[in-house]
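> using only what follows, build the 3D model:
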Amino acid sequence: MSDSQSRPSSRDPVSSPTRPSSRDTVPSPTRPSAKDTGPSPSQPPAVPPDWPGELEHFALVRQIIAENILRSEAECRQRHAQVQELYRRINGGDVELYNQLMTAASLEEHALSSLRKNRAALEKPYFGRIDYKEASAPVPQQVYIGKNGVFRDRTEVLIADWRSPIASVYYENELGPGEYGLADEAPIPIDLKGKRTYDVEGGVLRGCYDSDVAANDALLIQYLSRNRDAVLGEIIATIQKEQNAIIRESPFANLIVQGVAGSGKTTVAMHRISYLLYNYRHRFESNEYCIVGSSDLLLNYITAGLPELDVPNIRHLRMDQLFARLCEKDWNPKYRTVPPDGSAPRRCSLEFMRELELFLAQKREQYIDCSPLEDPQLGVILPASGTRTLLRENPAVSVCTLLSMLDERAKTRIRFLLAGCDRDEIQKKLREYAGHYRGLRPRTNARALYLEFLESMQEKICQASPGPEAGRESRETLRAHLAALGRKEWDLYDMAALALIHYRIFQKEPNQAFGLLFLDEAQDFGIGAYYVLRQLLPASYFTVMGDVSQNINYDTGLNDWYELQKLFLTGPKDKFLLLQKSYRNTIEISRYAGRILEHANGGRYRIEPVIRHGLPVSEKSFWSDLEMAQYAASLIGEIRSRGHRTVAVICREQADEKHARELLSPLTPLREGENENFAEGTAVLPIRLVKGLEFDAVILWNLRLEQNLASPREAKLFYVAATRALHELHVLSC
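This is a model prediction of the structure:
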């Protein structure tokens, strides 16, 4: 977080909180129902016997938090002054104070973090409580759980952080015997006596509900009925058991999560990052985490929610940017990334990557001289058998690294053979053979090798189909692709192949920049891309989130998980997990989407909606595009008047988006740019850009249900578009 966001200054004054009084927490509890999603004072639940004590405890907690804020503000000012003074003295020439400056800056950041957490906790200190007894403890314990951990007197835990191991009891355990602990440690047995959920809003305790499951259903429905930002703000209090299990899985495992639209895949991934950073900070630095997505819009949407989860700046890259990073110097920034062309379905396959591996294995044998290294004076320095053994025992090591290893072996062997000789004689012989193997390094680059491989593929096609018509389409497709590469136009699968060539031939050091990768909308990418990632990052752990029913790249993406499971789920902790319950859509929208889903995946993964009713899905037809645009503009106004902040007009293709924008922009305000975070307003977007996003209301532009169910390819596009809506879905056609 930047200083301007968190550091007290005259421009951003730190407001001193007022101490809460009992008047702030007096309202009697109210309980929403499935039919009435808002608080209903006329239908209060039975007041728990300890309600006065709950009010008193809530007021006390807020008072302690207010005192923490005042103390943290004073400490921030003190630490900031120390840092500024040390800066001044170092700039004046006292460079020996640099270590003190680093320590002071760290203490200032710690104070700022404490201030942020306490400020955030003041309005909603906690959302849950558990009463339990550990087998080894003499007395029962009571723990309040909140979005931020809060301490009293810097040592006593007042509120447990939702990411702490004990908080898993609130999300997962039913009353009675249970256990808690980190996934990689021995569990601690407990007897859970009680679980309570609190409804807190604006610093006021509105109600509390005793239940056997986390996030009382009525409270969950209340949160889901709000607009998108409110839902994201409250989600920690309503994490469901199946979501929590994924969040708290061990980081030392590969996970593939198949989740229907609206099941919270993206939210689960965000919370998993927060949880792992909190509990495994001794094992992984924050710069080892990386979120991978298909578009800047999706990545911005994901990362916009991370500060709320106390997550520092986490790297986020589009898949093509990740491969560009893995290519290192073999990627030329002047190359342009383009969408996959007609040859991509072949190039994204495992068959293509295996053919490339065979080509590179042949190059490896060509570049590395396995003949004996002999000297007239010393005899055999390195035998051929030793070189072959080195190659066999290091199959994942690049050609250039192997050549360097052979040079080091030659040096060691020369010193051994000349042991006891004059130092000058040893140095002379070392100079004679210095860089012998490095001199065999390829005089080419990864791009040239890739072109050579593609041309060899073209020759194979011609040899297999010698006739004038046979194989003509394949040859022309490959010829067009080679022409695009000549124009420096590379797509994702070209970049994956380039990264594999770099890794096998030229890479000097193992890539240790990525420890944990989180891939959202994973079905958008072909299996060939995942094969390359697995080869290049063998020590990394992957959390792969997606829904094969939403694969809009039908010819290149994943339409099932079979091959990916074989590739990634090879260890004892690796898992394939399902999220089948949809928390995004109303019953009406879910039923509409369910009809589409039957055609998209043949009924393989079904939606289980949360029971939350809303407006019926509306379908309207018009005589002209202009008439449709006028109706849409009027509809957007009505949607906004109902309190919804985000509206998306979703079109099938980019050309449709451009046409819709031209018609709508004179009639209603629209947001501009694909890279914005759509926190409020009306966006016009093609289907390919709305993957992973959600909006309070969605208008489908010129899409017809009957036409889009003709094939799984079309049904998946329509399913993606329809399931973006939280509360309202309108289908318009001309």
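> host element of the closest residue to Leu693 other than its chain neighbours?
Once flanking residues are discounted, Leu693 sits nearest to Tyr301: 5.5 Å by CB to CB, 6 or more residues apart in numbering. For glycine as for every other residue, the C-beta is placed from the backbone atoms N, C-alpha and C. In this structure, Tyr301 sits in helix 296-304 according to DSSP states H and E.
> and that helix, how far from the chain's centre?
The chain centre lies 9 Å from the centre of helix 296-304; the measure is CA atoms, centre = their mean, to the nearest Å.
> distance of Pro666 from Asp520?
Distance, Pro666 to Asp520, using CB to CB, to the nearest Å: 36 Å.
> please say which of the two ends up with more neighbours.
Taking other CB atoms under 10 Å, Pro666 and Asp520 do not tie; Asp520 has more neighbours (24 against 8).
> which elements pack onto the longest helix seen in the chain?
Identified as the longest helix of the chain according to DSSP state H is helix 51-91. On a contact count with 3 or more CB pairs under 8 Å, 6 or more residues apart in numbering; DSSP states H and E, helix 51-91 meets helix 98-123, strand 150-152, strand 156-161, strand 204-210.
> buried stuff in the helix or strand harbouring Phe352?
With elements taken from DSSP H and E, the one containing Phe352 is helix 350-367. Using 16 or more other CB atoms under 10 Å as the test for burial, helix 350-367 gives 352-353, 355-356, 359-360, 363-364, 367.
> right, and the helix or strand after it?
Following helix 350-367 toward the C-terminus (DSSP H and E): strand 373-375.
> and the contacts of that following strand?
380-382, 410, 429, 433, 436 (CB atoms under 8 Å, 6 or more residues apart in numbering).
> can you do 7 Å?
With contact meaning CB atoms under 7 Å, 6 or more residues apart in numbering, strand 373-375 is reached by 380-382, 410, 436.
> residues of whichever helix or strand comes after it that come out buried?
The element immediately downstream of strand 373-375 (helix or strand, assigned by DSSP H and E) is strand 379-382. Applying a neighbour-count criterion of 16+ other CB under 10 Å, one finds 381-382 buried in strand 379-382.
> cool, and stretch 115-127?
115-122, 124-127.
> now it: how far from the chain's centre is it?
The gap between where stretch 115-127 is centred and where its chain is centred comes out at 26 Å by CA atoms, centre = their mean.
> then stretch 331-340?
With CA atoms, centre = their mean, you get 24 Å for stretch 331-340.
> now that stretch: buried residues?
Using 16+ other CB under 10 Å as the test for burial, stretch 331-340 gives 331, 335, 340.
> mind giving me the packing neighbours of the helix holding Phe352?
helix 446-464, helix 492-501, helix 527-536 (3 or more CB pairs under 7 Å, 6 or more residues apart in numbering; DSSP states H and E).
> CA atoms of the last one as CSV?
Think helix 527-536. Extracted in CSV, the C-alpha atoms of helix 527-536 (Å, rounded to 0.1, in the frame of the first residue of the first chain):
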residue,chain,number,x,y,z
ILE,A,527,-3.1,-28.4,-23.0
GLY,A,528,0.1,-27.6,-24.9
ALA,A,529,0.5,-24.4,-22.9
TYR,A,530,0.2,-26.4,-19.6
TYR,A,531,2.6,-29.0,-20.8
VAL,A,532,5.3,-26.3,-21.3
LEU,A,533,4.5,-24.7,-17.9
ARG,A,534,4.9,-28.1,-16.2
GLN,A,535,8.2,-28.7,-17.9
LEU,A,536,9.6,-25.2,-17.2
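> list the contacts of that helix.
The contact list for helix 527-536, computed with CB under 7 Å, 6+ apart, reads 319, 326, 347-350, 352-353, 492-493, 496, 499-500, 503, 511, 558, 563-564, 567-568.
> now do the second one
By CB under 7 Å, 6+ apart, the surrounding residues in contact with helix 492-501 are 319-320, 323-324, 326-327, 330-331, 340, 344, 347-348, 353, 356, 360, 446-447, 449-450, 485, 526, 528-529, 532, 535-536.
> any idea how far that helix is from the middle of the chain?
22 Å.
> pLDDT on that helix, on average?
On average, the pLDDT along helix 492-501 is 96.
> tell me the first helix or strand C-terminal of that helix.
Counting by DSSP H and E, the next helix or strand C-terminal to helix 492-501 is strand 516-519.
> run the chain-centre distance for the longest helix of the chain.
32 Å.
> how about stretch 547-556?
Mean-position distance between stretch 547-556 and its chain equals 18 Å (CA atoms, centre = their mean).
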